[in-house]
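# predicted model and sequence below, questions to follow.
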Amino acid sequence: MSMQKNAQELKVYLFTIQKGQLHVNVTEDFKAVMAYNDDDALEMIRKDYPAGLAIQAHERARIEVKKIVDAVEIKPELSLAPPVKETTTKDFVYGLLLVADKFVKNKRDQASLKRIVSKIKI
């Protein structure tokens with residue numbers, strides 16, 4: 001998702017939902033959705049309930065995602081993947097031996113792979 005779409009800011013919408021048409025104190029659901037506009041947010045909420053069931057959605061908050069990202073100092077282009085460490089020859093050999101043990105079903109192929117790998121100098 002991008003922060004903008006058709007000149008509209010991406011926002012987090014927070015709703016409480018009451019099932020039924022009457023406004024009485026009943027159990028409420030709480031929903032948080034991300035959408036660019038009110039109609040899209042309500043459409044996303046509506047999908048969580050059976051067709052034909054009357055619901056009352058009360059918007060409790062609307063926050064631009066950019067404000068959240070800026071507040072927690074997350075750079076959207078930053079990958080959260082762990083840093084790649086350089087693989088050593090030893091790690092590589094042990095990885096191949098693990099593959100031979102776990103994923104090669106034929107015992108003769110396992111032995112052949114292990115024999116070949118054992119020739120790699122660590």
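All right, it came through fine. Source: prediction; values computed, not measured. Numbers count the residues shown, from 1 in each chain.
# domains of this structure?
What automatic domain parsing lists as the domains of the chain is 4-72, 85-122.
# tell me which of these is the most buried.
Burial of these is given as mean neighbour count (mean count of other CB atoms under 10 Å); domain 4-72 ranks first at a mean of 13. Bear in mind the C-beta positions are built from the backbone N, C-alpha and C, glycine included.
# export the domains of the chain as JSON lines, with columns for mean pLDDT.
Shown next, in JSON lines, are the domains of the chain (pLDDT from 0 to 100):
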{"stretch": "domain 4-72", "mean pLDDT": "82"}
{"stretch": "domain 85-122", "mean pLDDT": "84"}
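# after the host helix or strand of Phe92, which helix or strand is next?
In this assignment (DSSP states H and E), Phe92 forms part of helix 89-103. Sequence order places helix 107-117 as the next helix or strand after helix 89-103, per DSSP H and E.
# and that next one with helix 89-103, angle?
Angle, helix 107-117 to helix 89-103, by axes from the mean of the first three to the mean of the last three CA atoms, to 10 degrees: 180 degrees.
# how far out from the middle of the chain is helix 107-117?
39 Å (CA atoms, centre = their mean, to the nearest Å).
# what does it contact?
Contact with helix 107-117 is made by 93, 96-97, 99-101, 104, as judged by CB atoms under 8 Å, 6 or more residues apart in numbering.
# which one of those residues is nearest to Ala51?
Val99 (49.8 Å; CB to CB).
# quick one: the closest residue in space to the closest one that isn't next to it in sequence from Ile45, how far?
With CB to CB, 6 or more residues apart in numbering as the criterion, Val99 has its nearest non-adjacent residue at 7.7 Å, and that residue is Leu113. As defined by CB to CB, to the nearest Å, Leu113 lies at a distance of 54 Å from Ile45.
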